[in-house]
Every structure is written in C-alpha cells, then in structure tokens.
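**Student:** Next input, structure requested:
(2 chains)
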Number of protein chains: 2
Amino acid sequence: MPNSSRPRTPLRPKIGVFDSGVGGLTVLRALVERIPDADYLYFGDTARLPYGSKSAATVAHYAVGAVRYLQDEGAELLVIACNTATALALKEIKAAAGVEVIGVVEPGAAAAAAASRTGKVVVIGTEATMASHAYRRALEGLKVEVREKACPLFVPLVEEGWVEHAVTEQVARIYLAEAFSDDARDADVLVLGCTHYPLIKPLLRRVAPEHMAIVDSAESTARAVARQLQIEALRPSAEAKSERRGVPVLKFFATDSAEKFRKMGTRFLGLPVEEVLHVDLKE
Amino acid sequence: MPNSSRPRTPLRPKIGVFDSGVGGLTVLRALVERIPDADYLYFGDTARLPYGSKSAATVAHYAVGAVRYLQDEGAELLVIACNTATALALKEIKAAAGVEVIGVVEPGAAAAAAASRTGKVVVIGTEATMASHAYRRALEGLKVEVREKACPLFVPLVEEGWVEHAVTEQVARIYLAEAFSDDARDADVLVLGCTHYPLIKPLLRRVAPEHMAIVDSAESTARAVARQLQIEALRPSAEAKSERRGVPVLKFFATDSAEKFRKMGTRFLGLPVEEVLHVDLKE
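**Tutor:** Numbering: from 1, shown residues only, chains lettered A, B, ... in the order given. Predicted structure coming up:
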C-alpha cells in the first residue's frame, strides 16, 4: 500500500567550491564528510596559482571569473575555499555573485575565538593572507588579540610531499617560535589559515606547545556551510557509515592540466579525483 | 680639426628580456655586466607566475603575449630568461617573434658540455623544466649524458631570503645526494637550470662535491647574446670600471604589483630596480 504522506523532497544542494589550486580540496573533504548528500562543483584555478603572491586587484579579477563559471554550472551556494581569495576579494565576489557566498576566514576566526581562554590566538598562512589582515579584522571584531605569521615555505613543502619530514619539522619550529614570541607567548589557539596546512596538522600538533588548540579553517567552514543550508552536519567519524549517509557527486574544473590536477588532488582530497574538465578562462 | 672619417654609429642594442617573475633578473644582471652599453626592457609576468607548475600550452600562450609586448616596446633581440618558458615554448616564441630569440637552455647546455671531462652532467631546475627534458635533448645532442633533478623547494627558499640558511643547506644536501646517485656518480658538472639558483650558488658550491664545475645558465646566456650581437663581451670583474663601460638603461614591466616587483627585484638584480610599469595582459 503506497504511503499516503507526501514524500519529502530530498534536500540535495549543489555547492560550488572555489580555490586557486588543489588546496581547497581539504575544505571539500571536510564538506563531503559533513554533508555527503550533495552535488559538488570544484573549481581550481591552477593555471594562475598561487594567488598568495598576487595583488588584491588581480586576485579579485581571477576569483570573480571562476565564481561566475561555477554559477553558470548551477552552483546554488559558493564556498571560497581559498584563504587568499577570501581575504583579498570576498567583498567583490559577494557583489558579483547572485547566491550565498561563504569564505574560510570568518568561520575559522569564530572557531578560534570560541576555543581561546586567554583571548590571544596565532594565525598562520600565506604572505598575502597575512598581509591582508583579514583574520586580524575578524578576530579583533570578536575581541580576540591576534598575531599573524606568514609561513611561505609550508605550501611548497606540502606540495613536495614532505608532510612528515625532518626539514618540514625544522621549518615549523622556526616559524612557530617566531609566531609565539613576545606578545603572543600566552596565545592558546593556532589557526591554520591556509588550506594546505591540514596536511601537516599532525606535524604542527607535535611541534606546537601541548596546550595549544589547533583550529582548522576547513573544518570550521564545513560546519558553517551546514548551518547555512540548515542541514544537520554529520560528524566525520561516528556516523560515517550510518544509513543517513548519502553519496556525494563530485565534479572538478581546472584551468591548467586536468591530469596534474587529478594526481595532486587525490592527495589533498583523500578520495580519488576522477572527472576533471579543463577550463580556459581567457578574460 | 674635425676627423674626416665617418663617425661610427654607436651600436646600442635594445634588448628585451622576458621571465615569469624576478628570477630572470639574474640573467639581466649577467647581461648588464657583460654588455653595459645597451637599453634593456625587462618583462616579468608576475601576475601569472610561477610557470614551473603550468602546462606547455599555458606557458606558450603567456610567453608569446609577453614577447609581443616587448617587441611593441621596441626590443630588437629577445632573451627568454626563463628556463621553463625556454624549455616548453621556445619554438612557439620563435615562430611568433619577428626578431632573434635566445633562450637559456642551449647556452647552458653548451657550456656544460665544454666543461665536462667525464661526459656526464647533472642539471637541476623546476619540475616543469626537468619534465620537459629540454636540457636532456640539448645535452644528448652534444654527446653528453645527463641526469635531470627537479628541486622544487629552492625557488621558495630563495624567495624567503634563506640563501645562507641551515634549512636550505639541508634541502640542498638531500637534493644533490639524489641527483648524484647511481648512474650520475661520476658526473663532473652541475648546471643551474633555474634563474633563481645563482642566488644560492655559494651554498651549492659548498654542498656539491669539490671537483664539480658549476655552470650558471645566466652567465652562459649573456655570453651567447654578446656573440649574437657581435659585441665583445666585457668580463664581469676586471673591466667593470674600464672606460669602455657604458651605462645601461633599464626599464621594467610587471603584470602584478610594481611595488612588489621593485622590492624583490632589487635582491635578484643586485642593482636598484627603479622604473617599473604595471602592465595588464588580458588575453
């Protein structure tokens, strides 16, 4: 006998995720774990990365082009999974987009403010993200003192695959010693303000002082997206195999070699990166 | 009494130098030392660097655009001071240019072949330059055996300013140990196949085996340009203050922030980088 109640329309959002390269795949990974029942469109602007060394105007120009592409492909919500683009161009992206836009800075800052007892946090990221002071502004708005520290070698070390390597550990010791010096001595939260950094989180956990809480912007952003969609986010661990878990559909666009994106991407996503379409953004 | 013989037209060439960023300034530096009596136009495609991680098609597209710009500005000879662009796109650049084009690979390979006694050399450079096998082809054409070794961390280490740093030394030891293993054990020449590497030449000199000759492509290229112009190149040291020495005129174009280019560029050029024009290459 057919059920007389109207079937619930399955809420299956189409989420556009944008980054300059493969780093944002750590955000996609967090999203997929928490919101598996969704379609994801990921745009990696690999022909023009890294945004970290570029000016605000250049980054805004590139990001708006990519975001428009994702909307043309049907994205109903946009995640700017790139700290640099969020820091330098979120306002421009929001102005150009016709849908909700969530960046990685606000959620990371909010999580850091919630986690800190001393009211002092350290944020690490690329040169451009730090120079933009986007985290400083967000955290000071939450009455938290902040030390920003650029760590330009972490991205190439991660891309070299040296995620558990003596050199990376030595570099991390140097950077963190500088980060937690003087005024920031009693900071109790370390914010990973770059999407590459989750891959060296275990190493940073070892190198950072024991009492330090580590806030991963990718995780915080995934939770913010779930809230926006009014979806109860799954916890990445326990319910992972529950019946509630849907199957995400992933589609990738890259402005440089699809093959390269596939290879490098798999490491960042922790899942096979399969359907990659090469896109040429000329303007 | 006026000299009755017709005055010699001073040969003052206008030389266009192209790179993806500031690295090519080490080539410009070598050119200025050897051919001071010239006008130089330097184009750094800083908004789209690094070329090292991009596909051949993307690199060719960018390089041809930049080279056309230099010709429009009056360049009579073009130096592709970028190993990646030379390796991936020299043919396309030559086809698009109406003037003589000199890349950095051939001169470096020729100097290495001349310097080697064992007939085996090691070339180090970016991932893309090594993957293109441009040095392999050039050296094998000169009957020299070659080991190519990508050293992706050297560029960010140089840009971090760690040119004399324990971390860079440790990275160099790892890379060179890999480079000179097995078949390449009796190689006696190390070719610096990336324009950033001259800045860590003293460090590499210490880390590399003592008998190893180090060939700097920037130096070799400057000599090749002098030959092409039928100019007797000055030696960088002795005649530097001789009366023969003219005054080079330098003009810079960058696709990203002029201010950033000025700051970073001065370190690479070893001279103040003054007149920088921001250029927007849209196509």
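
**Student:** Flag the shaky bits of chain A, pLDDT-wise.
**Tutor:** A:1-11, A:53, A:233-245, A:282-283 (pLDDT under 70).

**Student:** which residues of it fall in strands?
**Tutor:** All strands of chain A, identified by DSSP state E, fall at A:14-19, A:39-44, A:77-80, A:100-103, A:120-125, A:145-150, A:189-192, A:213-216, A:249-254, A:276-278.

**Student:** For these, could you give me TSV that also reports distance to residue B:184?
**Tutor:** For every residue, glycine as well, the C-beta is placed using N, CA and C. Shown next, in TSV, are these (distance: least, CB to CB, whole Å):
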stretch	distance to residue B:184
strand A:14-19	38
strand A:39-44	35
strand A:77-80	45
strand A:100-103	47
strand A:120-125	38
strand A:145-150	37
strand A:189-192	39
strand A:213-216	41
strand A:249-254	34
strand A:276-278	35
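
**Student:** In contact with residue A:251: list those residues for me.
**Tutor:** Counting by CB atoms under 8 Å, 6 or more residues apart in numbering or on different chains, residue A:251 makes contact with A:39, A:40, A:41, A:42, A:73, A:275, A:277.

**Student:** and with 7 Å instead?
**Tutor:** Taking CB atoms under 7 Å, 6 or more residues apart in numbering or on different chains, we find residue A:251 in contact with A:40, A:41, A:275.

**Student:** hang on, the second one packs against residue A:18?
**Tutor:** Spelled out, it's residue A:41. No: counting by CB atoms under 7 Å, residue A:41 stays clear of residue A:18, with 9.1 Å between them.

**Student:** So between these two, which is more surrounded?
**Tutor:** residue A:18 (28 against 22; other CB atoms under 10 Å in any protein chain shown).

**Student:** partners of the more buried one in the sheet?
**Tutor:** As for beta bridges, residue A:18 partners with residue A:43, residue A:80 under DSSP bridges.

**Student:** Around chain B, which positions in chain A sit nearby?
**Tutor:** A:47-48, A:54-55, A:58, A:152-153, A:156-157, A:160, A:167, A:170-171, A:256-257, A:282-283 (CB under 7 Å from any CB of the partner chain).

**Student:** rerun that using 8 Å as the cut-off
**Tutor:** Contact residues, chain A versus chain B (CB under 8 Å from any CB of the partner chain): A:46-50, A:53-55, A:58, A:152-153, A:155-157, A:159-160, A:166-167, A:170-171, A:174, A:255-257, A:260, A:282-283.

**Student:** Buried only: go through those for me.
**Tutor:** A:46-50, A:53-55, A:58, A:152-153, A:155-157, A:159-160, A:167, A:171, A:174, A:255-257, A:260 (16 or more other CB atoms under 10 Å in any protein chain shown).

**Student:** circling back: what's the overlap in contacts for residue A:41 and residue A:18?
**Tutor:** residue A:70.

**Student:** Roughly how far does residue A:79 sit from chain B?
**Tutor:** Plainly put, residue A:79 is 23 Å away from chain B if you go by CB to the nearest CB, to the nearest Å.

**Student:** Give the full set of residues in contact with the nearest residue to that residue once chain neighbours are set aside.
**Tutor:** Residue nearest to residue A:79 in three dimensions, not counting chain neighbours: residue A:17, with 4.7 Å by CB to CB, 6 or more residues apart in numbering or on different chains. Residues near residue A:17 by CB under 8 Å, 6+ apart: A:24, A:27, A:28, A:31, A:40, A:41, A:42, A:43, A:78, A:79, A:81.

**Student:** State the number of residues packed around residue A:99.
**Tutor:** Burial of residue A:99 is recorded as 14 neighbouring residues (other CB under 10 Å).

**Student:** Check residue A:211 too.
**Tutor:** Residue A:211 has 8 nearby residues by other CB under 10 Å.

**Student:** Could you tell me the phi and psi values at the residue nearest to it when sequence neighbours are not counted?
**Tutor:** Closest residue to residue A:211 apart from its sequence neighbours, by CB to CB, 6+ apart: residue A:188 at 6.3 Å. Dihedral pair for residue A:188: phi -130, psi 10, per degrees, to the nearest 10.

**Student:** roughly how far apart are residue A:188 and chain B?
**Tutor:** 28 Å.

**Student:** got a list of what that residue touches?
**Tutor:** Residue A:188 neighbours (CB under 8 Å, 6+ apart): A:115, A:116, A:117, A:118, A:120, A:121, A:211, A:212, A:213.

**Student:** residues near the fourth one, how many?
**Tutor:** Pointing back at residue A:118 there. 13.

**Student:** Please list all residues in contact with it.
**Tutor:** Residue A:118 touches A:186, A:187, A:188, counting by CB under 8 Å, 6+ apart.

**Student:** at 10 Å what do you get?
**Tutor:** Residues in contact with residue A:118, defined by CB atoms under 10 Å, 6 or more residues apart in numbering or on different chains, are A:144, A:145, A:185, A:186, A:187, A:188, A:189, A:211.

**Student:** Would you map the helices across chain A?
**Tutor:** Ranges of helices in chain A, per DSSP state H, are A:25-34, A:56-72, A:83-96, A:105-115, A:127-132, A:134-140, A:154-159, A:166-179, A:201-207, A:217-228, A:258-269.

**Student:** among those, which is the most enclosed?
**Tutor:** helix A:25-34 (a mean of 25; mean count of other CB atoms under 10 Å in any protein chain shown).

**Student:** Now residue A:76. Nearest residue, chain neighbours left out?
**Tutor:** The shortest distance from residue A:76 to any non-neighbouring residue, by CB to CB, 6+ apart, is to residue A:14 (4.9 Å).

**Student:** Kindly apply the preceding question to residue A:250 instead.
**Tutor:** Counting by CB to CB, 6+ apart, the residue nearest residue A:250 is residue A:40, at 5.0 Å.

**Student:** Chain B versus that neighbour, what's the distance?
**Tutor:** Counting by CB to the nearest CB, the gap from residue A:40 to chain B is 24 Å.

**Student:** what do you get for residue A:74?
**Tutor:** Taking CB to the nearest CB, one finds residue A:74 at 27 Å from chain B.

**Student:** What of residue A:221?
**Tutor:** 25 Å.

**Student:** who's in contact with that residue?
**Tutor:** A:17, A:24, A:26-27, A:30-31, A:34, A:79-81, A:86, A:102-108, A:111, A:195.

**Student:** redo that, cut-off 8 Å
**Tutor:** A:27, A:30, A:31, A:79, A:81, A:102, A:103, A:104, A:107, A:108.

**Student:** Can you get me a residue count around the nearest residue to residue A:184 once chain neighbours are set aside?
**Tutor:** Residue nearest to residue A:184 in three dimensions, not counting chain neighbours: residue A:147, with 3.8 Å by CB to CB, 6+ apart. Taking other CB under 10 Å as the criterion, the count of residues near residue A:147 is 21.

**Student:** Based on its surroundings, how many neighbours for residue A:186?
**Tutor:** 11.

**Student:** ok, now how distant is it from residue A:113?
**Tutor:** To residue A:113, residue A:186 is 16 Å away according to CB to CB, to the nearest Å.

**Student:** Pull the contacting residues for residue A:256.
**Tutor:** For residue A:256, the contact set (CB under 8 Å, 6+ apart) comprises A:46, A:47, A:278, B:53, B:54, B:55, B:58.

**Student:** mind redoing it with 10 Å?
**Tutor:** Neighbouring residues of residue A:256 by CB under 10 Å, 6+ apart: A:21, A:44-49, A:278-280, B:53-55, B:57-59.

**Student:** And residue A:155, by the same measure?
**Tutor:** For residue A:155, counting by CB under 10 Å, 6+ apart, the contacting residues are A:21, A:23, A:49, A:50, A:52, A:125, A:126, A:194, A:195, A:196, A:197, B:156.
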